[in-house]
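In: Fold the following and give me the result.
(2 chains)
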Amino acid sequence: MKDKMPPLSRRKFLKTSLAAAAISTGAGSPLVKSLVPRAHASGGRPQAPISSHFTVCDMCFNRCGMIARVQNGVITKIDPNPGFLKSRGMLCARGNAATKHIYDPDRLKYPLRRTGKRGEGKWERISWDEALDYTAEKLLEIGEKYTRCGVMFIPGSDMQSQFVNRFAEVFGSFNITSHETLCLLSKNRAYLDTLGEVPYPDVYYSKYIIIAGANPFEAIITPDTMDFFEARKNGCKIIVLDPRFTKTAALADEWYQIKPGTDMAFFLALCHVIVKEELFEAEGCCPIRTYGFDEFFLHIQKYTPEWAEKECGIPAEDIIRIAREITAAAPAAMVYPGRRTSDYEDSTQIRRAMAITNALLNNFDKPGGLLAIREVGVKTPYYDVPWYDDNPFDRVEAGMVPGLIDHEGSFQLMRDAIISGEPYPIKGWFNFKTNFMQTAANRNKTLEMIDHLEFIVNIDIAMTDTAWYSDVVLPGASFLERKDPVSALQGSSACACAVMRDPVVPEMFESRSPFWICQQLAKRMGLGDSFDFTLDEYRKQQVDGLDGALEAMKMMGVYYNPSRTYDIYAGSPLKTLTGVKEIYNQRYARAGVDPMPVYKRPKQPSENEFRLVVGRTAFFTHSNTNNELLTEFMEENTLNMHPEPAARMGLKDGDLVEVKSRAGQGRLRLELTQGIEKQTVYMATGFGALSPGMSLVHNKGASISEVLEDYYDEISGNMAMHETLVTVRKVA
Amino acid sequence: MKKKYCMVIDSSVCIDCKACMVSCKVQHNVPRGRWRNWIKHTEPDFSMGKHTFVHFQPGGCMQCDEPSCVYACPSGATFKDEETGIVHVNEDLCIGCGNCITACPYGARYRHPVKRVPDKCDFCSDRLSRGLLPACVDTCPTKARTFGDMNDPDSDVSRLLRDRETVRVVSKPVDTKPNMFYLAETMPADWPGSVEYPAAHQAMTGFVNPLVKIAVGISGLGVAAMFLKQLFTGDETSGNDKEEV
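Out: Model prediction:
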């Protein structure tokens, strides 16, 4: 893939140079012009025809519509699908870099089996038959020895993940967990427990938005990122709270450098003002359409703006003003729910405070507020899940936290359970396209977990750090080579839509789709009936009742369901226990959890310590960072630090430093910026890979997973990545 | 009718996401370390407290009406297409002197490390001929870049130029008359360098240049003759020949 241009033959060269000379009117040479007939002049350089194919991006989770341009059987360019409403007809840097995702020299080409120790990097090439036979045999063996729940399944966040899920369920394991348990579960928990569902922010029509704990201009989320700018053209005001001067902060109307971990103080004080000044709408909202408003009234008394100012560093008069401004704009106003909320041990409670603020704004199910889930109409085809008598009653981490989300669980708690062997042993790991070695806090603990496992099989397109420690590595097909089932998407108020993928080019090397792999494994394990269908049959079942859906997806790359956008509830009860918005949560009270968010001051770094926060840029996605077109913007990650503490410690910009926590240490270059709170340091995800198979990020910078200590949200079990305090020293 | 393509940029919505840069890089196989377009930015002044900001400014070749690169080119390889207003490089006529690169005050050209000729934005002429927008415009998430024909009064760019106040980022002291317009205001505006013509430029433009152009024309005659000859001699050797660069 170094050079896609075919070598020019001499004759072709002459021909093209002549033709090019002829059209170059600026050459200003009448001799050349008159010598060459017009017909030649219009020819230009000969090119193979270009064909265009609709597909859907997979460089992150957003699923933006794209058109792949193919020339001579090679995808040479990827453009946005202009008719794709969810992504507002755009494609970000990562989507554009998908050409180097498929044509990546680091791609796995054939099945591999480990021959040395784990992590030693000794592999043998095996055939697919051998790989599948061996994997099936190992999985059955573990099922036999430790019950079917003895295998942990990580199905990924992919359009084919549903097949891995189905495979896990028919195999008989409850222990399915996901990347999301490192991401947004605490936010989901908070909104489920306040509104009864996880809403979509209607940014486009909003007039006032507070963004806290989110960085949507860098962590692009469609359509929100684009909609912020459309909203702003219509007068929307954007307030950003962030210890870092992110690009979101840089483009906000107001940016407050909040002390990390104190967002709840701000929101409780905001509620205090809203309640005290009776800025909420009494008729449509409080106290009639909420549960526990009176308790909240008492609860909120002590959280004055003056108190909050001391905690979070935002002036009381600003808090009061913002409360007045946002309620004046309500219900077309919101606290932006954000996405990755894996930050603090009370991250669910922090998001509860935000969700309650939204409840006071009375913005649910209304334009410019938070939207209820719209109907897309894509179905999940039914399948039988066999019963295994010897299986335990529940998933391994059940009951370890009060608010574990079904079907998601908590990777972190599962990892602890695997290490302890309690309540029952897990000895196998089936992994698809998830790289916990690079993304999950405390890599040493993940390595310890791996030591307790007898068998690890991994499907991925490159040798990720997680694959590097696996026993069998199966080369997955990239999303551009696959035929995928239908996926339902909601793009806020822009659309409720369905998408699918057909192969743009054939599978390269010996790569195969997870569907094919699960089908083959199921056949070998006596579960063939569960996968006895083709993808066309499966799709037909999925869109049953949606007239023209398949045709629309083929013709336009997307099917839109013109379902209702606003006022979906139309007066009927919400999906909460009480049927109204729950400011006070009864189930929390029963489980011994604070029924309303109670502020606890985050632990403070001592004089020589810093709080480590992590995040990403608009051109990286965690372990998809290993991409030639993207690393050009940043070849390794750096540690951001304020110049003041750096000067105190004698550190200079560009110094190689060691960041150390109780979990481990990493080395990377220092980058000084005033755009960070003085006792906070920041690094981006996606670097410092252990695996040489991630050649662009191998030993480049540091991995967040080697430095972060493992904390978790005490309600949802979501990972808590901003609790780690580190020391920084210069490496001589 | 002749077209005059231009770009109108609302830099206030640029989020510095780099989509335009990657899209361009893929479309034109731009080598690592080189770019046909860019996003510039201001430095934040943190003494502004909650109002601290950064302004991002996307850019690329401005397809100037008085292109210093064209004036600096001794061989006629760099030219402004009268039909479209786009400044092109005819690689086959380029002698690789590099004058155009130093003559551009905007740094819009780079020397291709393999081909040894200058490379620059051509508003994706190839895409335009296929009915597609330039790669950077097509992909931009916040649609900061608007592209179109200024001579068409109904085009988006004409509408924006008519309805909105625009500014240009112009080199000093020479106004090259760029065809890239920024809505209302943009920052930073002080980045263009100076126009640097080679010492012998006066002589080149005054006397030598026309001679070179005639010489090139005559060599074109030779090329045409060779072409005709090849047409008649058949192509038994073509296909196996390696490109000679």
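In: Can you report how many residues neighbour the closest residue to chain B within the stretch 251-400 of chain A?
Out: In the stretch 251-400 of chain A, no residue comes nearer to chain B than residue A:254, which is 4.7 Å away by C-beta to the nearest C-beta. No exception for glycine: its C-beta is placed from N, CA and C like everyone else's. Counted by other C-beta atoms under 10 Å in any protein chain shown, the residues lying close to residue A:254 total 18.
In: That one against residue A:239, yeah?
Out: Yes: counting by C-beta atoms under 8 Å, residue A:254 does reach residue A:239; the two are 5.0 Å apart.
In: Walk me through the domains of the chain.
Out: As the question left the chain open, I've gone with chain A. Domain assignment for chain A by automatic domain parsing gives A:51-102, A:112-117+A:124-181+A:387-483+A:506-530, A:185-374, A:609-730.
In: try chain B instead
Out: Split by automatic domain parsing, chain B gives B:5-183, B:199-242.
In: contacting residues for residue 158?
Out: No chain in the question, so chain A it is. Contact analysis of residue A:158 by C-beta atoms under 8 Å, 6 or more residues apart in numbering or on different chains lists A:58, A:432-433, A:479, A:514.
In: hm, I was asking about chain B
Out: For residue B:158, the contact set (C-beta under 8 Å, 6+ apart) comprises B:148-150, B:152.
In: Likewise for residue A:191?
Out: Counting by C-beta under 8 Å, 6+ apart, the residues that residue A:191 touches are A:197-199, A:337, A:351, A:355.
In: Mind checking which of the residues you listed are in helices?
Out: Judged by DSSP state H, the subset of these located in helices is A:351, A:355.
In: pull the helix or strand with minimum mean pLDDT from chain B.
Out: helix B:201-203 (a mean of 61; mean pLDDT, DSSP states H and E).
In: got the CA positions of stretch A:260-280 in CSV?
Out: The C-alpha trace of stretch A:260-280 is given here as CSV (Å, rounded to 0.1, in the frame of the first residue of the first chain):
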residue,chain,number,x,y,z
PRO,A,260,-11.7,18.0,39.5
GLY,A,261,-14.3,15.8,41.1
THR,A,262,-16.5,18.6,42.4
ASP,A,263,-19.1,18.8,39.7
MET,A,264,-21.8,17.6,42.1
ALA,A,265,-21.2,20.6,44.3
PHE,A,266,-21.9,22.9,41.4
PHE,A,267,-25.1,21.1,40.4
LEU,A,268,-26.4,20.8,43.9
ALA,A,269,-25.9,24.6,44.4
LEU,A,270,-27.5,25.2,41.0
CYS,A,271,-30.5,23.2,42.2
HIS,A,272,-30.4,25.1,45.5
VAL,A,273,-30.9,28.4,43.6
ILE,A,274,-33.5,27.0,41.3
VAL,A,275,-35.5,25.6,44.2
LYS,A,276,-35.0,28.6,46.6
GLU,A,277,-35.9,31.2,43.9
GLU,A,278,-38.7,29.0,42.7
LEU,A,279,-37.3,29.1,39.1
PHE,A,280,-38.7,25.7,38.2
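In: just how off-centre is it within its chain?
Out: 29 Å (C-alpha atoms, centre = their mean, to the nearest Å).
In: Pull out the buried residues from it.
Out: Neighbour-count burial for stretch A:260-280 flags A:260-275, A:279-280 (criterion: 16 or more other C-beta atoms under 10 Å in any protein chain shown).
In: same check, this time on stretch A:551-565
Out: Quick answer for stretch A:551-565 (16+ other C-beta under 10 Å): A:552-553, A:557-561, A:565.
In: Check which residues of stretch A:368-378 are buried.
Out: In stretch A:368-378, counting by 16+ other C-beta under 10 Å, buried: A:368-372, A:374, A:376-378.
In: any idea which element the closest residue to chain A within chain B lies in?
Out: Nearest to chain A, among the residues of chain B, is residue B:79, at 1.7 Å (C-beta to the nearest C-beta). Secondary structure assigned from DSSP states H and E places residue B:79 in strand B:78-80.
In: Equivalent analysis for residue A:311, please.
Out: helix A:305-312.
In: so after that helix, what's the next helix or strand?
Out: Past helix A:305-312, the next helix or strand by DSSP H and E is helix A:316-329.
In: angle of that next one against helix A:305-312?
Out: Angle of helix A:316-329 versus helix A:305-312, following axes from the mean of the first three to the mean of the last three C-alpha atoms, to 10 degrees, is 110 degrees.
In: Quick check: which helices or strands does helix A:316-329 pack against?
Out: Counting contacts by 3 or more C-beta pairs under 8 Å, 6 or more residues apart in numbering or on different chains; DSSP states H and E, helix A:316-329 is packed against strand A:208-212, strand A:237-241, helix A:263-276, helix A:305-312, helix A:347-361.
In: got the CA coordinates for the first one in PDB?
Out: Taking Å, rounded to 0.1, in the frame of the first residue of the first chain, the C-alpha atoms of strand A:208-212 are listed here in PDB:
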ATOM      1  CA  TYR A 208     -28.800  26.800  26.900                       C
ATOM      2  CA  ILE A 209     -26.400  24.000  27.600                       C
ATOM      3  CA  ILE A 210     -24.100  23.200  30.500                       C
ATOM      4  CA  ILE A 211     -21.400  20.700  29.600                       C
ATOM      5  CA  ALA A 212     -19.700  19.100  32.500                       C
END
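In: which other helices and strands contact it?
Out: Counting by 3+ C-beta pairs under 8 Å, 6+ apart, strand A:208-212 packs on strand A:237-241, helix A:263-276, helix A:316-329, strand A:333-336.
In: which stretches of the chain have low pLDDT?
Out: In the absence of a named chain, this looks at chain A. Applying pLDDT under 70 to chain A flags the ranges A:1-45, A:623.
In: not what I meant, chain B
Out: For chain B (pLDDT under 70), the answer is B:200-213, B:216, B:220, B:226-227, B:229-245.
In: Return the residues in contact with residue A:202.
Out: Taking C-beta under 8 Å, 6+ apart, one finds A:334, A:366-371, A:492-493 in contact with residue A:202.
In: what does residue A:542 give?
Out: A:378-381, A:485-486.
In: can you check residue B:144 too?
Out: Residues near residue B:144 by C-beta under 8 Å, 6+ apart: B:9-11, B:13-14, B:58.
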